[in-house]
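# Fold the stuff below for me.
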Amino acid sequence: MTHPIAITNARILTLAGTDTPRRGETMRELAPIDRGSIVLRDGRVESIGESVDIPDDAEPIDAQGRVVMPAFVDCHTHACWAGDRLDEWELKQRGATYLEILESGGGIMSTVRAVRKASVDQLFESLLDRLNWMLAEGTTACEVKSGYGLSTEDELKMLDAIVLADQNWAGRVSPTACIGHAKDADVADFVDRTISETLPAVHERYPGVTIDAYTEQGAWSVEETIRLFTAAKELGHPLRIHADQFNALGMLEAAIELGALSVDHLEATEPDSLKTLAQSDTIGVMLPCSGFHVDDRYGDGRAFIDANGTLAIATNVNPGSAPCLSMPMGITLATRKLGITAAEAITASTVNGAHLLGFDDQGTLEAGKRADLVMLRHRDERQLGYTFGGSHAELVICNGAIVT
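Predicted coordinates:
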């Protein structure tokens, strides 16, 4: 049994409140303790408050007024892949268009080819490296999607690697089977095969895993996605959806009707549809790192929260549209590009993401909750949205252990 840890003299953002995702104006409520202490023991928060009893055998940490807050939860990532797209990035810098790169065999299919050549162990090792990078930035829980296999065998291989990473990483990983990510142009009946073959195989090996799809022009249509989701829902799988990244095709409304956990992207969502989402129980996930890297288009976070929506933000880390492993960078962009405050971004990157992934014992700092927290370099949490570049994390504690 390890010794407890006692952090004293800290500005603690507890985010304590209702045991539900936060929406609307409640996203600004961080429930701070201006100067307090927190005792961690056996992976849990033992006590927290302005005045707590410090155990004699505790490892002391004097925060010196710095902010202590829940660790980040990155609720939308594609962090499992092989290869890279650096050559394509350089071609883009020289003026090549997306379509030209795609026609030359680049884009997502270049990652698919690399994933198909990789073993489970190779995918696991590269994913674990990225997870450790994320951990150093303050992320102790995340979602990781498959979706670069585009065949039953390779999608299962990706899921195996993701689950293996969850078993070997200090933090927690929630796997998602993104079997509707793209279409393999070499398979004429790709959608039918995915629904009739890949989905049942995923269900057999990973019953109850979340199913995801990307609905967009050139990817899965609304009708095809509904077919996949209807079959997945009948098997008992939760649903998430990529929608409205470039075009609003109507998948947002369909996802709400199907009871999807979240609708992610929302860059092209019309105001009325955004209000519809805000009034539902489906969480809206915005991905500002993707807009920053691709086309400088962003969801309207301000309007969504003002309409009483439940917002989460995530990195969307992937080898093509969002090569970013840093949740603080996502917060920095959210305060500038989504129109939301630092407090709202903190809520969106902690408690709301945790609820989305089913990690209800983290995302807040309360007695009995999992001891996952970050001590910032800052004494005012607004610096997390205001200052960009460099690491914001002075200390990261994951499951009660100091990891960086």
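# only C-alpha atoms for contact and neighbour calcs from this point on.
Will do.
# Would you check how far apart the nearest residue in space to residue 335 that is not next to it in sequence and residue 251 are?
Excluding its sequence neighbours, the residue lying closest to residue 335 (C-alpha to C-alpha, 6 or more residues apart in numbering) is residue 341, at 5.5 Å. Going from residue 341 to residue 251 by C-alpha to C-alpha, to the nearest Å gives 28 Å.
# Same question for residue 199.
Residue 199 is 20 Å from residue 251, by C-alpha to C-alpha.
# cool, residue 280 as well?
Distance from residue 280 to residue 251, by C-alpha to C-alpha: 14 Å.
# Same drill for these two, tell me which one is more crowded.
residue 251 (22 against 15; other C-alpha atoms under 10 Å).
# does the more buried one really touch residue 222, like I thought?
Yes. Residue 251 is within contact range of residue 222, at 5.6 Å (criterion: C-alpha atoms under 8 Å).
# which neighbours do the two share?
Here residue 251 and residue 222 have residue 215 as joint contacts, going by C-alpha atoms under 8 Å, 6 or more residues apart in numbering.
# show me the contacts for residue 62.
Here residue 62 is in contact with 7-10 (C-alpha under 8 Å, 6+ apart).
# Show me those residues that map onto strands.
7-10 (DSSP state E).
# ranking those residues by neighbours, who comes first?
Busiest of the ones in strands among the contacts of residue 62 [other C-alpha under 10 Å] is residue 8, holding 26 neighbours.
# ok so, going back, per-residue pLDDT of the residue nearest to residue 335, please?
pLDDT recorded at residue 341 is 98.
# residue ranges with poor pLDDT in the stretch 101-250 of the chain?
Along the stretch 101-250 of the chain, the model assigns pLDDT under 70 to residues 102-103.
# can you pull out the helices in it?
Using DSSP state H, counting those that start in this stretch, the helices assigned to the stretch 101-250 of the chain run over residues 108-117, 120-136, 152-168, 190-193, 199-205, 222-234.
# and residue 77, helix, strand or coil?
At residue 77, secondary structure determined by DSSP: H, G, I helix; E, B strand; the rest coil is coil.
# and this structure, what are its domains?
5-71+361-402, 73-357 (automatic domain parsing).
# For burial, what's the neighbour tally of residue 234?
Neighbours around residue 234, by other C-alpha under 10 Å: 9.
# Then residue 104?
The number of residues packed near residue 104 is 10, by other C-alpha under 10 Å.
# quick one: it from residue 36, how far?
Per C-alpha to C-alpha, residue 104 is found 58 Å from residue 36.
# what comes up buried for stretch 210-220?
Within stretch 210-220, the residues that count as buried by 16 or more other C-alpha atoms under 10 Å are 210-216, 219-220.
# Adding distance to residue 64, write the residues you listed out as CSV.
Output for these, formatted as CSV (distance: C-alpha to C-alpha, whole Å):
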residue, distance to residue 64
210, 42
211, 45
212, 44
213, 46
214, 46
215, 48
216, 49
219, 51
220, 52
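# Mind checking what secondary structure the closest residue to residue 323 other than its chain neighbours has?
Of all residues not flanking residue 323 in the chain, residue 317 sits nearest, at 5.3 Å (C-alpha to C-alpha, 6+ apart). Three-state call for residue 317 (three-state DSSP): coil.
# quick one: residue 317 and residue 81 touch, right?
No. Under the criterion of C-alpha under 8 Å, residue 317 makes no contact with residue 81, lying 10.4 Å away.
# Quick one: neighbours of residue 256, just the number.
Count around residue 256 with other C-alpha under 10 Å applied: 18.
# give me the element it is part of.
Assigned by DSSP states H and E, residue 256 falls within helix 251-257.
# ok, the most centrally placed residue in the chain - contacts?
In the chain, the centroid-proximal residue (C-alpha atoms, centre = their mean) is residue 75; its distance is 2.1 Å. By C-alpha under 8 Å, 6+ apart, the contact set of residue 75 is 141-143, 312-314, 353-354, 356-357.
# Mind doing that once more with 7 Å?
142-143, 314, 353, 357 (C-alpha atoms under 7 Å, 6 or more residues apart in numbering).
# out of those, which are inside strands?
Filtering the contacts of residue 75 for strands - DSSP E - leaves 142-143.
# which pair in the contacts of residue 75 spans the largest distance?
Maximum pairwise distance among these (C-alpha to C-alpha): 12.0 Å, between 314 and 357.
# Those two: who's more crowded?
The residue with more neighbours, out of residue 314 and residue 357, is residue 314; 33 against 21, by other C-alpha under 10 Å.
# show me the contacts for the more buried one.
74-76, 286-287, 327, 330, 349.
# Which of those residues fall within strands?
Reading strands off those with DSSP E, I get 74, 286.
# Name the nearest of the contacts of residue 314 relative to residue 241.
For those, the residue nearest residue 241 by C-alpha to C-alpha is residue 76; the value is 10.6 Å.
# Report how many residues lie close to that closest one.
Counted with other C-alpha under 10 Å, residue 76 comes out at 27.
# any idea how far residue 74 is from residue 138?
For residue 74, the distance to residue 138 - C-alpha to C-alpha - is 10 Å.
# got it, and residue 363?
Taking C-alpha to C-alpha as the measure, residue 363 falls 12 Å from residue 138.
# can you list residues touching both of these two?
With C-alpha under 7 Å, 6+ apart as the test, residue 363 and residue 138 both reach residue 71.
# what's the first-to-last distance across stretch 333-346?
12 Å.
# buried ones in that stretch?
For stretch 333-346, the neighbour count (16+ other C-alpha under 10 Å) marks 333-335, 337-346 as buried.
# What of stretch 183-203?
183-184, 190-191, 194-195, 198-203.
# now do stretch 149-160
149-152, 154-160.
# ok, the ones in strands among the contacts of residue 62 vs residue 385, which is closest?
For the ones in strands among the contacts of residue 62, the nearest to residue 385 is residue 10 (19.3 Å; C-alpha to C-alpha).
# beta partners of the closest one?
residue 36 (DSSP bridges).
# what residues are up against it?
Residue 10 neighbours (C-alpha under 7 Å, 6+ apart): 35-37, 63-68.
# Look up how far residue 269 lies from it.
From residue 10 over to residue 269 (counting by C-alpha to C-alpha), the distance is 40 Å.
# same question, residue 245
Distance, residue 245 to residue 269, by C-alpha to C-alpha: 8 Å.
# now residue 365
Counting by C-alpha to C-alpha - residue 365 and residue 269 are separated by 34 Å.
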